[in-house]
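Asks: what follows is a predicted protein model with its sequence.
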Amino acid sequence: MPTCSPASLPVSVLVAAVRGFKSAETADGRIPLAVQCRFRVPPADSGGRAAWTAIRAIPAEASGPVRMPGAPDASDTSLLPRIARLSAARRVSPHARSRSPFIRLAFALGRRQLAGMAQATSLPRNESGIETAIGVLKQRFGERLQTGRPVREQHGHTTTWIRNQPPDAVVFARSTEDVAEVVGVAAAHKAPVIAYGTGTSLEGHVNAPAGGISVDVSQMNKVLEVHAEDLDAVIQPGVTRKALNEELRDTGLFFPIDPGADASLGGMAATRASGTNAVRYGTMRDNVLSLEAVLPSGEIIRTGRRAKKSSAGYDLTRLLIGSEGTLGIITELTVKLHGIPEAMSSARCTFPAVDSACQAVITTIQMGVPVARIELLDADCVAAINAYSRLDLPVNPLLLLEFHGSEAEVAAQATTFGEIADEFGGTGFEWTASPEERTRLWQARHDGYWALLASRPGKDTIATDVCVPISNLAEAVERSQEEARRLGLYSPILGHVGDGNFHNTVFFDKDDDDERAKCEHFIAWLANLAIELDGTVTGEHGIGQGKIASLSSELGTATEIMSAIKAALDPDNIMNPGKIVIPG
């Protein structure tokens, strides 16, 4: 195969090369050759240049025709024939699918991620600017500005294997004006600013790779207004989901987004979080009406009002949701509320294999059963949860479900799912409306990560997620299990499979270089699998530091647009630098 000598090239040159290969499509729309690259993290003084250390031409993989399951016939009221037809359609050529040339090329490019992808790369520091900014802010905030190492390291906590990069100081803000003042001073001296809520993010979002000032908004924790008749509330960013629902308890309303951790609503918006209820209620993107935010200049803006819809100008609300604090710090949110359902029930069902559980999920969604939650736990997860939460669930792949509606609707949904589960070999199907039983079951699910940690004491973990179209879910889960077994890795799976999102928790010994390398390979491989199956490298964890290279593989030159937006709003790159995109 032809190769080129190692060379240092600007990112724009790499993009141009990719476009060149893209233009070499044949008449049938296939790329005869694809590019495989290995990048090295650019040194601080390289001016944003990446080293393209290897290029080789490889044959593009063949693609097959599209085979989509047929939609149910509206005139067919018989349940079991519909289940059979849907499952039979999916069993035809599971690997046959058409992929766009761009996706095939991105998949080839993504085979090699940034070397040491989980290692947090340090960025150049503006020592004098940081020192001056801290001095000014110390005079203003007094004891609310802390520089002790324990506090700083807490605010660089990553929950994962990405190493801690603490800020130089932490300011505990109590108002929008506090945040604006901190950012204004930081902007004047070009000192980095990193927002911090509860520190539950998983991809290094709160790390300070260039040092700087962490703005802790946990004391901005007031529910400012509740408009029960309009089904919305105005809150500060430090309010957690549990605190909000406690405040709403007597109104008959609730906020449905539940990522598991008791995260702050500001942080959940910044990472576009979702969780167990997303299959019915959507993600943070769908449940935030408007925001107030402080921009990198220190200017305070409001992105909208409380109207349920608007076609007025650019959608700045959606721009900031998921921006991970790189474009501004969220200081107020107007969120949608929902009525507490008349009845709720939870169900559980065991399956002989993960594949059959996934097929049951796909059929449930395709048949329009309005499940509120549908969660998958593989056998390893079930065993860990049994030990941790003192349950006695059968140690096989398990689906946990929740149904919302009237008493009659909840019963009908449970009955329908029971028939679907039976078609795919499900056993032990039980459902309950008891609040105590429901709470016990879902608390065990939310404790899944801690249960897994307890099952392998002394081991380190990587928690990663991907999301694929639901028709590709079974294949994605099955192939990820096969790859983990091939590498000899212990990697239990759990996930919010109603929308195609699942999580791998990979265990490793951080002092074992070979095992660590296998983990790095697996995380990169899993991201590429998601892209291959027309999915995304993260359904809810976000990009942060850990998945910057994967984002480029997924979106290609669209990341240049992201960089342009970042540069326009934050020309000095002070707002959470080193996350999502690296300007250069």
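Replies: Done, it's in.
Asks: element containing residue 243?
Replies: helix 241-247 (DSSP states H and E).
Asks: contact partners of that helix?
Replies: 221, 223, 226, 233, 235, 254-255, 257-259, 262-263, 265, 268, 335 (CB atoms under 8 Å, 6 or more residues apart in numbering). All C-beta spots, glycine's among them, are computed from the backbone N, C-alpha and C.
Asks: swap the cut-off to 7 Å and go again
Replies: For helix 241-247, contacts defined as CB atoms under 7 Å, 6 or more residues apart in numbering pick out 221, 223, 235, 254, 255, 257, 258, 262, 263, 265.
Asks: then stretch 576-584?
Replies: In this structure, residues lying in contact with stretch 576-584 by CB under 7 Å, 6+ apart are 11, 48, 123, 192, 194-195, 205, 209-210, 324-326, 543-545, 548, 551, 559, 562-563, 566-567, 573.
Asks: wouldn't residue 460 be in contact with residue 162 here?
Replies: No: counting by CB atoms under 7 Å, residue 460 stays clear of residue 162, with 11.2 Å between them.
Asks: give the residue from these two that has the larger number of neighbours.
Replies: Neighbours were counted for residue 460 and for residue 162 using other CB atoms under 10 Å; residue 162 has more, 21 against 18.
Asks: excluding chain neighbours, what is closest to that one?
Replies: residue 204 (4.1 Å; CB to CB, 6 or more residues apart in numbering).
Asks: for the residue nearest to residue 492 when sequence neighbours are not counted, helix, strand, or coil?
Replies: Distances taken as CB to CB, 6+ apart place residue 380 nearest to residue 492, at 3.9 Å, with adjacent residues excluded. Using DSSP: H, G, I helix; E, B strand; the rest coil, the structure places residue 380 in helix.
Asks: can you show me the CA trace of stretch 360-371 as PDB?
Replies: Backbone C-alpha positions of stretch 360-371 (Å, rounded to 0.1, in the frame of the first residue of the first chain) are rendered in PDB as follows:
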ATOM      1  CA  ALA A 360     -38.300  -6.800  22.100                       C
ATOM      2  CA  VAL A 361     -37.400  -3.100  22.600                       C
ATOM      3  CA  ILE A 362     -37.400  -2.400  18.900                       C
ATOM      4  CA  THR A 363     -40.800  -4.100  18.400                       C
ATOM      5  CA  THR A 364     -42.200  -2.200  21.400                       C
ATOM      6  CA  ILE A 365     -41.200   1.100  20.000                       C
ATOM      7  CA  GLN A 366     -42.300   0.200  16.400                       C
ATOM      8  CA  MET A 367     -45.700  -0.800  17.700                       C
ATOM      9  CA  GLY A 368     -46.200   2.600  19.300                       C
ATOM     10  CA  VAL A 369     -46.300   1.500  22.900                       C
ATOM     11  CA  PRO A 370     -45.800   4.800  24.800                       C
ATOM     12  CA  VAL A 371     -43.300   3.500  27.400                       C
END
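Asks: now it, how far from the chain's geometric center?
Replies: Distance of stretch 360-371 from its chain centroid, counting by CA atoms, centre = their mean, to the nearest Å, is 23 Å.
Asks: do me a favour and average the pLDDT over that stretch.
Replies: Mean pLDDT, stretch 360-371: 93.
Asks: next one: stretch 427-443
Replies: 89.
Asks: tell me the buried residues in that stretch?
Replies: Within stretch 427-443, the residues scored as buried using 16 or more other CB atoms under 10 Å are 429, 431, 432, 438, 441, 442.
Asks: correct me if wrong: the residue nearest to residue 162 contacts residue 543.
Replies: No: with contact defined as CB under 7 Å, residue 204 does not count as touching residue 543 (9.6 Å).
Asks: looking at those two, which one has more neighbours?
Replies: Shown here are residue 204 and residue 543; by other CB under 10 Å, residue 204 has more neighbours (28 against 25).
Asks: give me the three-state assignment for that one.
Replies: The three-state label given to residue 204 by three-state DSSP is coil.
Asks: could you do residue 506 as well?
Replies: Assignment for residue 506 (three-state DSSP): strand.
Asks: give the bridge partners for it, please.
Replies: Partner residues in beta bridges with residue 506, using DSSP bridges, are residue 462.
Asks: what about it, how many residues nearby?
Replies: For residue 506, using other CB under 10 Å, the count is 24.
Asks: does it touch residue 520 like I think?
Replies: No: with contacts counted by CB under 7 Å, residue 506 stays clear of residue 520, the gap being 9.8 Å.
Asks: now do the phi/psi pair for residue 180.
Replies: With angles defined as degrees, to the nearest 10, residue 180 sits at phi -60, psi -40.
Asks: verify the contact between it and residue 298 for me.
Replies: Yes: contact criterion CB under 7 Å: residue 180 and residue 298 qualify, at 5.3 Å.
Asks: how about the strands in the stretch 101-250 of the chain?
Replies: Listed in chain order, the strands of the stretch 101-250 of the chain (DSSP state E, counting those that start in this stretch) span 145-146, 169-172, 193-196, 213-216, 223-227, 232-235.
Asks: what packs against the shortest one?
Replies: Looking back up the chat, that one is strand 145-146. Packed against strand 145-146 by the contact rule (3 or more CB pairs under 7 Å, 6 or more residues apart in numbering; DSSP states H and E) you find strand 169-172.
Asks: could you redo the last one with a cut-off of 10 Å?
Replies: In this structure, strand 145-146 packs against helix 127-141, strand 169-172, strand 213-216, with contacts taken as 3 or more CB pairs under 10 Å, 6 or more residues apart in numbering; DSSP states H and E.
Asks: before we move on, the earlier item: wait, what's in contact with the residue nearest to residue 492?
Replies: Neighbour list for residue 380: 395, 397, 452, 455, 456, 481, 490, 491, 492, 493, 494, 505 [criterion: CB atoms under 10 Å, 6 or more residues apart in numbering].
Asks: can you redo those residues as TSV with distance to residue 531 and pLDDT?
Replies: Putting the contacts of residue 380 into TSV (distance: CB to CB, whole Å; pLDDT from 0 to 100) gives the following:
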residue	distance to residue 531	pLDDT
395	33	95
397	25	95
452	26	92
455	31	93
456	29	92
481	19	93
490	25	95
491	19	95
492	23	95
493	19	93
494	22	90
505	21	92
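Asks: low pLDDT regions in this protein?
Replies: 1-120, 158, 160, 583-584 (pLDDT under 70).
Asks: one more pass at 50, please.
Replies: Applying pLDDT under 50 to the chain flags residues 1-77, 91-117.
Asks: could you chop it up by domain?
Replies: 1-64+97-112, 123-340, 343-532 (automatic domain parsing).
Asks: could I get those as CSV with distance to residue 579?
Replies: Listed next are these as CSV, based on distance: least, CB to CB, whole Å:
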stretch, distance to residue 579
domain 1-64+97-112, 15
domain 123-340, 5
domain 343-532, 17
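Asks: of these, which is nearest residue 538?
Replies: With CB to CB, the closest approach to residue 538 among the domains of the chain belongs to domain 343-532: 5.7 Å.
Asks: ok so, going back, the residue nearest to residue 162 contacts residue 544, correct?
Replies: Yes: applying CB atoms under 10 Å, one finds residue 204 in contact with residue 544, separated by 4.5 Å.
Asks: just the CA coordinates of stretch 289-300, formatted as PDB?
Replies: The C-alpha atoms that make up stretch 289-300 are tabulated as PDB, following Å, rounded to 0.1, in the frame of the first residue of the first chain:
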ATOM      1  CA  LEU A 289     -37.800  27.000  26.700                       C
ATOM      2  CA  SER A 290     -35.200  29.700  27.100                       C
ATOM      3  CA  LEU A 291     -32.000  30.600  28.900                       C
ATOM      4  CA  GLU A 292     -30.100  33.500  30.500                       C
ATOM      5  CA  ALA A 293     -26.400  33.300  30.000                       C
ATOM      6  CA  VAL A 294     -23.200  35.200  30.500                       C
ATOM      7  CA  LEU A 295     -21.100  35.400  27.300                       C
ATOM      8  CA  PRO A 296     -17.300  35.300  27.200                       C
ATOM      9  CA  SER A 297     -17.300  39.100  27.100                       C
ATOM     10  CA  GLY A 298     -19.200  39.300  30.400                       C
ATOM     11  CA  GLU A 299     -22.300  40.400  28.600                       C
ATOM     12  CA  ILE A 300     -25.600  39.000  29.900                       C
END
